[in-house]
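K.L.:
I'd like to go over a predicted model; first the sequence, then the structure.
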Amino acid sequence: MSLVSVERVGFGYTAGRRILEDVSLDIAPGDTVGLVGESGSGKTTLLRLLLGLVRPDSGTIRFDGAPLDPRDRAFMRGFRRQAQVVFQDPYSSLDPRQKVFSIVAEPLRSLRVPGDHAAMVGDALEAVGLERHAAGRYPHQFSGGQRQRIAIARAIVAGPRLLLADEAVSALDLTTRVRIVELFARLSRRMSLLFVSHDIGVVAALCRRIVILERGRIVEAGDTAAVLAAPQHPYTRKLLASVPRLSPEAPSSTEPPQ
Amino acid sequence: MSALLDIAGLRIRAGDSTLVSGLSLSLRRGERLGLIGESGSGKSLTALAATGLLPAGLAAEGSVVLAGRQVIGTPDRRLDRLRGTAVAMIFQEPLTALDPLMRVGRQVAEPLARRARRDGRPLSGAALQAAVLGLLEDVALPDPPRLARAYPHELSGGQRQRIAIAMALACKPDLLIADEPTTALDVTTQAEILALLDRLVRERDMALLFISHDLPVVANTVERVVVLRHGEAVEAGPVGETFARPRHDYTKSLLAAARRFDEALEGRP
């Protein structure tokens, strides 16, 4: 059974203007799925729906077989422990006045997770490649990449089954980006990952499956290697052709018609 | 032919800390040079120093000669003439370069009229309007008469960047400095803007100083690169050779990282 199942979901913030149209998507336990789209494609809105922050106008979203209903508070408490999110900007997502311990332990407190919180925070910090004693310091004492590691530690501390990442490496420098992508790859061995990004290269390096979103519709989905090797939809082909390559033999840019 | 921009031993300081040191580079007409590095490498500061636009509190030493004039130590009012004649800049976020309350046609008309005045052939009225529409056409904007009447918020990100490029071109600069001009754009829009810049720089025989953290973009845009790290140039050379056979460890690590995503796209993860 799918861990997440999105069935024919439609959504619009205002009447008449559809942000998402007939979107269906499954995430199997342990799978890594990359959701790729440009601005206005609806990828962030889909993430908000998956987090239960907004409800679809039509269709259903199921988590572990049960419908995701933001109004069902008991269900949502259980769900939040199972699904956590990492955002793009590690400078704005961490409270500068709190020590790393209290930032990382926040889900444990708010979800009333029993157990030894100090040990759990220490384990989470180690899992993301930080020292346990980082817990005693403040966010400003860390670099951008280390801050993103702290945000990831917070997301995994309660042992979620699903990790959602919204442009989680887009604000990082190139060399840092590679290391954080490696961290996500390591973590994806123990949980499902939905990685939302505009950067198809990052998704290609990280995700087993890829979903291409264009103006609120999924235009192509499948095994990442297969989609990259033989993209079917014209938009996927345009997207791939637009990504500049290092190698000089790649076709040089030509000015497309307006 | 002498260089349009000649930077020698540039050092930029903020109080006691040195942000850029010992940087030298030179750029002639028709040449395209990439300045690459990660955040904090000093690449944007170098561009600002090249035009004498460093914010108060930052001090530049060494020599920056732009179109035969020393920039360092020259008062702003004398530099004003040089900017917008010898050099024009475009930035990452075109919204910050555009006035939100002014129709974009008028915003393009201002530098056009100024440059024409300086050349001793003032433009106004219908002639100025025609020149504006001609520029909008040059940057491949659709339906120039309609677009000229639009406000910045009515345009897409790519269209705004085209307006910013049109404003830069209106100055008829010999040197165009582009600081991460496509970083805020979608990848399909980026491809269009890069192709546009490539065409315009060739057609007008401008020099291009292209600042970017994105190695594949740089590889497709410039002929030579300078790699900056913590304010120092660690490596410089022709872009193909430097990217194929980097000598410095830092350049090697940047390329290894970029290649990782490149190869993943080619199905070689």
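P.N.:
Good, I have the coordinates.

K.L.:
mind checking how far the lowest-mean-pLDDT helix or strand in chain A is from the chain centre?
P.N.:
When each helix and strand of chain A is scored by mean pLDDT, DSSP states H and E, helix A:73-82 comes last, with a mean of 91. Mean C-alpha position of helix A:73-82 versus that of the full chain (CA atoms, centre = their mean, to the nearest Å) differs by 18 Å.

K.L.:
likewise for stretch B:23-31?
P.N.:
That offset, for stretch B:23-31, works out to 13 Å (CA atoms, centre = their mean).

K.L.:
rewinding a little: got a list of contacts for the least confident helix or strand of chain A?
P.N.:
Helix A:73-82 is contacted from outside by A:52, A:63-64, A:66, A:68-70, A:107, A:111, A:113, A:158-162, using CB atoms under 8 Å, 6 or more residues apart in numbering or on different chains. Where you see a C-beta, it was placed from the backbone N, CA and C, and this is true even at glycine.

K.L.:
ok, stretch A:32-39 next?
P.N.:
Stretch A:32-39 has contacts (CB under 8 Å, 6+ apart) with A:25, A:27, A:43, A:46-47, A:185, A:188, A:192-200, A:202-204, A:206-214, A:224, A:239, B:157, B:186-189.

K.L.:
and for stretch B:105-112?
P.N.:
The contact list for stretch B:105-112 (CB under 8 Å, 6+ apart) reads B:84, B:88, B:98-99, B:123, B:128-129, B:131-132, B:135-136, B:147-149, B:163, B:166-167, B:170-171.

K.L.:
which parts of the least confident helix or strand of chain A are buried?
P.N.:
By neighbour count on 16 or more other CB atoms under 10 Å in any protein chain shown, the buried set for helix A:73-82 is A:75, A:79-82.

K.L.:
and the stretch 1-150 of chain B, which of its residues are near chain A?
P.N.:
Listed as neighbours of chain A in the stretch 1-150 of chain B under the rule CB under 8 Å from any CB of the partner chain: B:38-39, B:140-142.

K.L.:
could the residues you listed be laid out in CSV, adding pLDDT, secondary structure and neighbour count?
P.N.:
Below are those laid out as CSV (pLDDT from 0 to 100; DSSP: H, G, I helix; E, B strand; the rest coil; neighbours: other CB atoms under 10 Å in any protein chain shown):
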residue, pLDDT, secondary structure, neighbour count
B:E38, 89, coil, 18
B:S39, 87, coil, 13
B:A140, 91, coil, 19
B:L141, 93, coil, 23
B:P142, 92, coil, 10
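
K.L.:
just those now: which is nearest B:F243?
P.N.:
B:E38 (15.9 Å; CB to CB).

K.L.:
nearest residue to that closest one in space, please, no chain neighbours.
P.N.:
A:D173 (4.0 Å; CB to CB, 6 or more residues apart in numbering or on different chains).

K.L.:
list the contacts of that neighbour.
P.N.:
Taking CB under 8 Å, 6+ apart, we find A:D173 in contact with A:144-145, B:38-39, B:213.

K.L.:
tally up the residues packed near B:L82, please.
P.N.:
If you count neighbours by other CB atoms under 10 Å in any protein chain shown, B:L82 ends up with 17.

K.L.:
torsion angles phi and psi at it?
P.N.:
Here is the backbone geometry of B:L82 (degrees, to the nearest 10): phi -70, psi -40.

K.L.:
wait, it sits on B:L66?
P.N.:
Yes: taking contacts as CB atoms under 8 Å, B:L82 lies within contact range of B:L66: 6.0 Å.

K.L.:
what comes up buried for the strand or helix carrying B:G240?
P.N.:
Assigned by DSSP states H and E, B:G240 belongs to helix B:239-244. Using 16+ other CB under 10 Å as the test for burial, helix B:239-244 gives B:239, B:242-243.

K.L.:
which among the residues you listed gets closest to chain A?
P.N.:
Nearest to chain A among the buried residues of helix B:239-244 is B:F243, at 6.2 Å by CB to the nearest CB.

K.L.:
give me every residue that touches the closest one.
P.N.:
For B:F243, the contact set (CB under 8 Å, 6+ apart) comprises A:246, B:215, B:219, B:225, B:255.

K.L.:
measure the first one to B:A219 for me?
P.N.:
Between A:L246 and B:A219 the computed distance is 5 Å (CB to CB, to the nearest Å).

K.L.:
which of those two has more neighbours?
P.N.:
For A:L246 versus B:A219, the count of surrounding residues by other CB under 10 Å is larger for B:A219: 25 against 19.

K.L.:
quick one on the thing from earlier: overlap of the contact sets of B:L82 and B:L66?
P.N.:
Residues touching both B:L82 and B:L66 (CB under 8 Å, 6+ apart) are B:T51.

K.L.:
for the most centrally placed residue in chain A, give the beta-bridge partners.
P.N.:
With distances taken as CA atoms, centre = their mean, the residue of chain A nearest its centroid is A:A165 (1.9 Å). As for beta bridges, A:A165 partners with A:V86, A:F195 under DSSP bridges.

K.L.:
and the strands in chain A?
P.N.:
Here chain A has its strands, by DSSP state E, at A:4-11, A:20-27, A:32-36, A:58-63, A:66-67, A:83-86, A:162-166, A:192-197, A:209-214, A:217-223.

K.L.:
what lies in contact with the last one?
P.N.:
Think strand A:217-223. Strand A:217-223 is contacted by residues A:20-25, A:208-213, A:227, A:231-233, A:235-236 when judged by CB under 8 Å, 6+ apart.

K.L.:
what's the helix or strand for B:T183?
P.N.:
Going by DSSP H and E, B:T183 is not in any helix or strand.

K.L.:
kindly report the same for B:T18.
P.N.:
Short version, using DSSP H and E: B:T18 is in strand B:17-27.

K.L.:
output the helix or strand that comes right after that strand as CSV, nothing but the C-alphas.
P.N.:
Toward the C-terminal end, the helix or strand that comes next after strand B:17-27 (DSSP H and E) is strand B:32-36. Only the C-alpha atoms of strand B:32-36 are listed here, as CSV (Å, rounded to 0.1, in the frame of the first residue of the first chain):
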residue,chain,number,x,y,z
ARG,B,32,33.5,38.0,-22.2
LEU,B,33,34.9,37.2,-18.7
GLY,B,34,33.2,35.2,-16.0
LEU,B,35,33.8,35.9,-12.3
ILE,B,36,32.8,32.8,-10.4
